[in-house]
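[1] Sequence and predicted structure are below.
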Amino acid sequence: MARTGVAVAAGDHGGLLDKERIIAPADYNRWLVPPAALAIHLCIGMAYGFSVFWLPLGRAIGVAQGLDKPIPCAGDATTFFGKVAITGHALFATDCDWTQFDLGWMFTLFFVLLGVSAAIWGGWLERVGPRKAGVVAALCWCGGLMMSAVGVYIHQLWLMWLGSGLIGGCGLGLGYISPVSTLIKWFPDRRGMATGMAIMGFGGGAMIGSPLATILMNHYATPTSVGVWETFATMGVIYFAFMLGGAFGYRLPPTGWKPEGWTPPASAKAMITTGHVHLNEAHKTAQFWLIWAVLCLNVSAGIGIIGAAAPMLQETFGGRLFGDPSVTFANFTDEQKAKAALVGAAFVGLFSLFNIAGRFFWASLSDKIGRKVTYFIFFTLGFICYAAAPTLASLDLLALFAAAFCLIASMYGGGFATIPAYLADIFGTQFVGAIHGRLLTAWSTAGIVGPVIVNYMHDSRKAEGIPPDQIYHPIFYVLAGLLVAGFIANLLIRPLDKKWFMKPEEVEALQTKTARDRAMHSVEIRGGEDTHPGIRLLQPIGMALIAVSVVWWITFYTKVGGIGGAWECLFYSAGPCLDTITKSELAGYFAYRPFLMWIGLALWVAGIVLSPRRFEVAPLAWAVVGIPLLWGIWITVDKALVLFE
């Protein structure tokens, strides 16, 4: 093929949301695409953090009537079917409070609808492109939040289920898969890393959304209102702005585009195809269902424990969590329950950090060692961790026990992030987004299987009178067995037979629509060559230091009394700032100082002045998504430090 460095003009026809409109020029900076994906995933990832609303919603009617306790709906809450009957009444009742059982169905709706909507509309996404899908996802997710705000305001549970559960769940599915195919096409040399960056955002969404929701609820709360409906409305507006920014930030590479300096390996790897399988054929192959089983079993083994992480640690270790091994979980006093809850929350925070880090680390590592080997590592290490957990608990090795489950959390997240690249390796990139959407039904299935195994075995053993510190031991062994089954499924995955791949002319017909597209199809297009790599690093490094400074400033002044009157302290230490710093350092706080901000600004400005391209948009785009992500990580780390005190 001929090689050209000439920029291909972006699509000059079609509507604002059409796929043809977002074809990028050949010299487009591909590092602008991951922040767009992160902007969407960080918003929809709040689905993991919705439990922050359960407690205030569970006493909304009581608070409205000036009481300090909830007003329960009438019914028998001692049996499962009795609880279901109460929930049926609560759907339309306006005179009683909702229970966690009533609200918990939101999680089921979220993740069932995520898988179902991704499977149903994945093919539509491939046809219309990621921008239109991203906009629809924003309308569904944020519109669902607005409907939930109305539902809370008029106290109608069915409206919350419809808004955030059903409509928002569809937004979750479309938003989750919207960047997958695009990122893989922009990063053929780093498929795992690219999808890992985006899917990392979904895991990190709750780290940002949960503390933000808490801040907003505290701000809006009054003696007669818990402040939830206002929080839903505010977050809906914020998320809509971020998600629209992400959707309009999506770009597709021109046909034939390759990164500058990258050449596909001369000798193709057996597990990485160069062909493309049609969406309608993928599910007919054994490989699709084997990968489906791999994802389902890996997620099933992790998701049940994630939902029970805090109580698992408290029941298993009891008073050993706060230095009193003579006390069991069943005999905790109120003060001891508070101490154990604090340690449990710290463990959940640590769990979340490894879940997020694993999405990027393992997916990036899979680019080097291969997707199949990566999953072999998941299943082998996961089996060892689960099988060893009862022994570690019996020997009071809390640190090793926590380390084992942090490793499990990292591989749980890594499984999600690695699977899109695995699919691209086996089925090609043409329909990988839609195929990934159909595969996410494995997640929906695991979302039922994992918690049912853990919760059923836990409740059954508890009813039998098993001591709390031994309740989880057989559960760990069952989860280890799931990973053995996953290991076997992964072992059976082989490259596809050639009969499943589309013919070259069929691929060309899908990728080209106009005469101009067909002419360009035979041209190899390279991204622009970077002739000043050192200088171009100045702007990203400077912006990274600025982002860290902003997060440091926010967290410090929030902790010592709020940032409302401390805006000048971001850039220089005025008199009031110095007083706050002195008092804080005496109290043991790590006080904010603006030197990092000035270093960052100096590097950023120097990069703009010295760079041939002058101002770079990519570092700014990364800062927009990086600042809230760093803030969430900082808060989570601060909570997790309790484990090390």
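    In hand now; what should we look at? Residues are numbered from 1 along each chain as shown.

[2] so what's the backbone phi/psi at the closest residue in space to Leu279 that isn't next to it in sequence?
    Using CB to CB, 6 or more residues apart in numbering and skipping residues adjacent in sequence, the residue nearest Leu279 is Phe431, 4.2 Å away. Placement of C-beta: from N, CA and C, glycine included. Per-residue torsions, Phe431: phi -120, psi 20 (degrees, to the nearest 10).

[3] I'd assumed Gly275 was in contact with Phe431.
    No. Between Phe431 and Gly275 there is no contact under CB atoms under 8 Å: 11.6 Å.

[4] Just want to know which of the two has more residues nearby.
    Each of Phe431 and Gly275 has its neighbours counted (other CB atoms under 10 Å); Phe431 has more, 26 against 15.

[5] Residue most distant from the centroid, the protein?
    Gly575 (41.5 Å; CA atoms, centre = their mean).

[6] how close does it sit to Arg593?
    Gly575 sits 15 Å away from Arg593, going by CB to CB, to the nearest Å.

[7] just Gly49 next, same as before
    According to CB to CB, Gly49 stands 32 Å off from Arg593.

[8] So which of these two has more stuff around it?
    Per other CB under 10 Å, whichever of Gly49 and Arg593 has more neighbours is Gly49, with 20 against 17.

[9] What residue, apart from its backbone neighbours, is nearest Leu42 spatially?
    That would be Gly201: by CB to CB, 6+ apart, it lies 4.5 Å from Leu42.

[10] and what of Ile208?
    Closest residue to Ile208 apart from its sequence neighbours, by CB to CB, 6+ apart: Gly632 at 3.9 Å.

[11] in which helix or strand would I find that neighbour?
    helix 617-640 (DSSP states H and E).

[12] Now do that helix: which elements does it pack against?
    Packed against helix 617-640 by the contact rule (3 or more CB pairs under 8 Å, 6 or more residues apart in numbering; DSSP states H and E) you find helix 33-44, helix 191-220, helix 334-369, helix 538-559.

[13] Now it: average pLDDT?
    Averaged across helix 617-640, pLDDT comes to 89.

[14] In that helix, which residues are buried?
    618-636, 639-640 (16 or more other CB atoms under 10 Å).

[15] Repeat that for stretch 251-266.
    Under the neighbour-count criterion of 16+ other CB under 10 Å, stretch 251-266 has Arg251, Leu252, Pro253, Pro254, Thr255, Gly256, Trp257, Lys258 buried.

[16] Give me the phi and psi for the second one.
    Spelled out, that is Leu252. Main-chain dihedrals, Leu252, degrees, to the nearest 10: phi -110, psi 140.

[17] so it makes contact with Lys19?
    Yes. Counting by CB under 8 Å, Lys19 is a contact partner of Leu252 at 6.9 Å.

[18] Overlap of the contact sets of those two?
    Residues within reach of Leu252 and of Lys19 at once, by CB atoms under 8 Å, 6 or more residues apart in numbering, are Gly129.

[19] my guess is Ile272 contacts Leu423, does it?
    No. With contacts counted by CB under 8 Å, Ile272 stays clear of Leu423, the gap being 11.5 Å.

[20] of these two, who's got more company?
    Neighbour tally, Ile272 and Leu423, criterion other CB under 10 Å: the higher count belongs to Leu423, 30 against 17.

[21] what's the more buried one in contact with, if anything?
    By CB under 8 Å, 6+ apart, Leu423 lies in contact with Ile291, Val432, Ile435, His436, Leu439.

[22] Taking the residues you listed together, which two end up most distant?
    Maximum pairwise distance among the contacts of Leu423 (CB to CB): 11.9 Å, between Ile291 and Val432.

[23] Between those two, which is the more surrounded one?
    Neighbours of Ile291 and Val432, each counted by other CB under 10 Å, are more numerous for Val432; the result is 33 against 25.

[24] shouldn't that one be in contact with Thr182?
    No. The pair Val432 / Thr182 is not scored as a contact, 10.0 Å apart, by CB under 8 Å.

[25] now the helices: where do they sit in the stretch 51-200 of the chain?
    Ranges of helices within the stretch 51-200 of the chain are 54-57, 60-64, 80-90, 100-128, 130-153, 157-160, 168-177, 180-186, 191-220, based on DSSP state H, counting those that start in this stretch.

[26] and after the last one, which helix or strand comes next?
    Later in the chain than helix 191-220, the nearest helix or strand by DSSP H and E is helix 228-249.

[27] Could you pull up the mean pLDDT of stretch 126-144?
    The average pLDDT within stretch 126-144 is 95.

[28] what sits against the residue nearest the centre of the chain?
    The chain has Phe202 as the residue nearest its centroid, 1.5 Å off, counting by CA atoms, centre = their mean. Counting by CB under 8 Å, 6+ apart, Phe202 touches His41, Leu42, Ile44, Gly45, Tyr48, Tyr176, Phe416.

[29] ok, now Lys559?
    Counting by CB under 8 Å, 6+ apart, Lys559 makes contact with Tyr589.

[30] And it, what's its pLDDT?
    You'll see Lys559 listed with a pLDDT of 75.

[31] Next one: it from Ala566, what distance?
    Lys559 sits at a distance of 12 Å from Ala566 (criterion: CB to CB).

[32] what about the helices in the stretch 451-600 of the chain?
    Going by DSSP H, counting those that start in this stretch, the stretch 451-600 of the chain shows helices at 473-491, 504-511, 515-521, 533-536, 538-559, 575-586, 595-610.

[33] from the contacts of Leu423, which ones fall inside helices?
    Of the positions in those, Ile291, Val432, Ile435, His436, Leu439 sit in helices, assigned by DSSP state H.

[34] Now for the last one, how many residues are close by?
    Just to be clear, that refers to Leu439. Number of residues near Leu439 (other CB under 10 Å) recorded here: 28.

[35] The nearest residue to it once chain neighbours are set aside: what's it in contact with?
    In this structure, Leu439 finds its nearest non-sequential neighbour in Trp292, 5.7 Å apart by CB to CB, 6+ apart. Listed by CB under 8 Å, 6+ apart, the contact partners of Trp292 are Leu439, Thr441, Ala442.

[36] Which one of the residues you listed is nearest to Thr328?
    Closest approach between the contacts of Trp292 and Thr328, by CB to CB: Ala442, at 38.3 Å.

[37] ok, that closest one - contacts?
    Ala442 touches Gly115, Trp292, Ala293, Leu295, Cys296, Val299, counting by CB under 8 Å, 6+ apart.

[38] Assign the fourth one to helix, strand or coil.
    Looking back up the chat, that one is Leu295. At Leu295 the chain is in helix, as set by DSSP: H, G, I helix; E, B strand; the rest coil.

[39] so how far is Ile408 from the spatially closest residue to it that is not a sequence neighbour?
    Excluding the flanking residues, the one nearest Leu295 by CB to CB, 6+ apart is Ala442, at 4.3 Å. In this view, Ala442 and Ile408 are 18 Å apart by CB to CB.

[40] can you check Pro311 too?
    Counting by CB to CB, the gap from Pro311 to Ile408 is 17 Å.

[41] The two - which one has more neighbours?
    Between Pro311 and Ile408, counted using other CB under 10 Å, Ile408 has the larger neighbour count: 26 against 17.
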